[in-house]
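Enquirer: Just the structure for this:
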Amino acid sequence: MKSIRHICVAKLANTYIGFDVQNVRSVYEVQKLLSLPLPLPNIIGVFNQRGKVLSVVDSNQFCKLQVNAETKDYWTLLHLEVNGEECCLTIDSVEEVKEVDAEDVREPPSGLNAAMKQFCTNVLLDKNNRTIMILDFAKMFSVLSRPVTNA
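Expert: Residues are numbered from 1 along each chain as shown. Next up is the predicted model:
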């Protein structure tokens, strides 16, 4: 019997990433984020969704991806939740929800940067020749929630 799961594929700085759809709550297009009085690492602001305030993580910075600095007219946010903990990640776009057979996933390549290596559980090469890095949101959130240390 095949083990099949579904991932939400998003584009981030010319990189395709995927998350288990069970962790995806919604996708938002917003024009303005509320800033925080005291900056936090990787958090660029907060977003109010129907009275719930969600932290917004700069995914490019968090995953250490190189991007061209640009002024944004709006943000695309991927709202994720695991074990009752949630936040929004900035992304460029949501591409699709993909059915993935366990036989089609591979180990992450050794050339990933340290941040991506930490969160990437598997890699999928799809029929469009895209390499999709499947990320573990629980691991990402545990890193995000660590207290800030002044070293």
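Enquirer: Quick one: mean pLDDT over the longest helix along the chain.
Expert: Counting by DSSP state H, the longest helix found in the chain is helix 137-144. For helix 137-144, mean pLDDT is 88.
Enquirer: Of all the residues in that helix, which ones are buried?
Expert: Within helix 137-144, the residues that count as buried by 16 or more other Cβ atoms under 10 Å are 137, 140-141, 144. C-beta: built from backbone N, CA, C; applies to glycine.
Enquirer: okay, these in a markdown table with distance to residue 93 next?
Expert: Converted to a markdown table, the buried residues of helix 137-144 look like this (distance: Cβ to Cβ, whole Å):
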| residue | distance to residue 93 |
| --- | --- |
| 137 | 18 |
| 140 | 19 |
| 141 | 22 |
| 144 | 22 |
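Enquirer: between those residues, which is nearest residue 119?
Expert: Minimum distance to residue 119 across these is 5.2 Å, recorded for residue 140 (Cβ to Cβ).
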